[in-house]
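Peer 1: Fold the stuff below for me.
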Amino acid sequence: MPPPQLRTEFMRSALGVLRIVQLMLGTVVWVTIAVSKYEGALHYVVFVAVLFWLSTLALFFLTALGKSDLVPVLGGERWTLTNAVHDGLATLLYLVACYLIGSKTREKSFCHLPAYSYHCPYKVYLTATVFVCLCTLLYLISAVYCSCKKCRGDQAVI
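Peer 2: Next comes the predicted model:
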């Protein structure tokens with residue numbers, strides 16, 4: 001059996017580029033939050049970022065290597081629908097994460113004042129908020145893209 005070949009047409013497609021950018025921004029989100037001291041609702045944000053980073057990585061490699069047929073129940077002719085549902089769920093959970101981290105950022109907005117002498121996570125939370133919102137937008141775009149492909153009757157993700 002020959003080794004799997006990387007499908008360059010997927011890497012150059014709209015969905016391939018979206019997946020690469022989603023992976024990069026997802027990495028920024030969870031690394032940014034994980035290196036700071038976080039508490040409470042931010043555990044959910046880290047959970048969502050890591051969960052969808054891992055699942056997007058799996059979808060990316062399965063599609064890039066042309067091995068989506070190996071996934072029972074979800075692969076083969078259902079692969080476009082699987083990607084659309086994944087991205088729709090990611091959009092919804094990232095929207096909640098966007099609200100939570102936005103609230104936490106607003107809560108910490110006072111601490112960037114010069115007279116405040118304690119540790120201030122405001123800039124870290126603000127950075128993470130921007131990237132969480134960008135991730136939400138990217139997952140929304142890919143959900144709409146995959147849904148449109150499925151509605152047109154396209155079986156292939158590319």
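
Peer 1: can you count the residues close to Lys37?
Peer 2: 9 (other C-beta atoms under 10 Å). From N, CA and C alone the C-beta is placed, and that goes for glycine too.

Peer 1: For it, report the pLDDT, please.
Peer 2: Per-residue pLDDT puts Lys37 at 82.

Peer 1: repeat for the one 10 residues further on
Peer 2: In this prediction, Phe47 carries a pLDDT score of 96.

Peer 1: didn't Ser13 look like it was pressed against Lys149?
Peer 2: No. Using C-beta atoms under 8 Å, Ser13 is not in contact with Lys149, being 10.6 Å away.

Peer 1: Return every residue with contacts to both of these two.
Peer 2: Val157 (C-beta atoms under 8 Å, 6 or more residues apart in numbering).

Peer 1: could you measure the residue located most distally from the centre of the chain against Lys67, distance?
Peer 2: In the chain, the greatest distance from the average C-alpha position (C-alpha atoms, centre = their mean) is reached by Ala115, at 37.1 Å. From Ala115 across to Lys67, the span is 58 Å (C-beta to C-beta, to the nearest Å).

Peer 1: and if you look at Phe52?
Peer 2: When Phe52 is compared with Lys67 (using C-beta to C-beta), they lie 20 Å apart.

Peer 1: Repeat that for Thr27.
Peer 2: From Thr27 across to Lys67, the span is 23 Å (C-beta to C-beta).

Peer 1: what's the answer for Glu77, then?
Peer 2: 15 Å.

Peer 1: Which of the two has more residues huddled nearby?
Peer 2: More crowded of Glu77 and Lys67, by other C-beta under 10 Å: Lys67, with 13 against 10.

Peer 1: What score does Arg19 have for pLDDT?
Peer 2: With respect to pLDDT, Arg19 scores 96.
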